[in-house]
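# A structural model of the following input is requested.
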Amino acid sequence: MWMVISDTHDNLEKARKAVKEAKNRGVNVVFHCGDVVAPFVIPIFDDFKLHAVFGNNDGEWLFMKEKAGDAIAKGPREVEVDGKKVAIMHEPFLLDAIVRSQMYDFVFYGHTHQLDIRKEGRTLVVNPGEACGCLTGKSTAVFVNPDDQSYEVFEI
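Down below sits the predicted model:
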C-alpha cells in the first residue's frame, strides 16, 4: 500500500495524522509531491520508503537534502517501485504530455491544492490535494493500492 501526499506546508499536526493512518493501513511507501517547506517535516516520514520532490515553497534545500538524502530530488522525477513506473512532480508542467506518453503506471503531482484523480489509459493520475488545508480548508492524502490501482481519498 502507498500513500500520496502533497503540500504539507509545515503542518506537523496534519502530517503526523496522515502518517498514523498510513501505519494503520500498512503503507510501506510514501510519495510526497512537494512543498514540504522545512526540513523538520522530513523525519515524520522516516518509517517509510520516501520518494519526494521539491516544491516551489520549499526552503533550506541543502538541509532538506541532508535530512532526506536521495529520497528527495528536483522534479519531475521517475522511480520504479514494486515493479511500477512512477512519475512524481510538484508543478504540473508537461503533465498532459507525460500522461499521454503512457510510459507510466502512475503520475503523482501537487501544487494546485486540488484533488485530481483520474485514469487515462494505463496511467492513474493523482493529485492528493493539500495536506495542510490552508487554501481549501480540506486536508487530504490518497492511499493507493499499486497492484490494482484502486485508491481512497483520506480526509486528514
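
# And the lowest-mean-pLDDT helix or strand in the chain, what's buried?
Scoring the helices and strands of the chain by mean pLDDT, DSSP states H and E places helix 61-68 at the bottom, with a mean of 90. By 16 or more other Cβ atoms under 10 Å, the buried positions in helix 61-68 come out as M64, K65, K67, A68. In short, each C-beta sits where N, CA and C put it, glycine included.

# Next secondary structure after that helix?
strand 72-73 (DSSP states H and E).

# ok, and what's touching that following strand?
Strand 72-73 has contacts (Cβ atoms under 8 Å, 6 or more residues apart in numbering) with H32, V36, I42, L50, A52, V53, F54, M64, K65.

# who touches F63 in this structure?
So F63 contacts P39 (Cβ under 8 Å, 6+ apart).

# Convert the least confident helix or strand of the chain to CSV, retaining C-alpha atoms only.
Output in CSV follows, covering the C-alpha atoms of helix 61-68 (Å, rounded to 0.1, in the frame of the first residue of the first chain):
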residue,chain,number,x,y,z
TRP,A,61,17.1,22.7,0.1
LEU,A,62,20.6,21.8,1.4
PHE,A,63,19.4,20.9,4.9
MET,A,64,16.3,19.1,3.5
LYS,A,65,18.6,17.1,1.2
GLU,A,66,20.7,16.3,4.2
LYS,A,67,17.7,15.0,6.1
ALA,A,68,16.1,13.1,3.2
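
# Just list the residues touching the residue sitting nearest the centre point of the chain, thanks.
A centroid search over the chain (Cα atoms, centre = their mean) returns H32, at 2.9 Å, as the residue closest to the centre. Counting by Cβ under 8 Å, 6+ apart, H32 makes contact with I5, S6, T8, F45, L50, H51, A52, V53, I72.

# mind listing which of those are in helices?
Per DSSP state H, helices hold no members of those.
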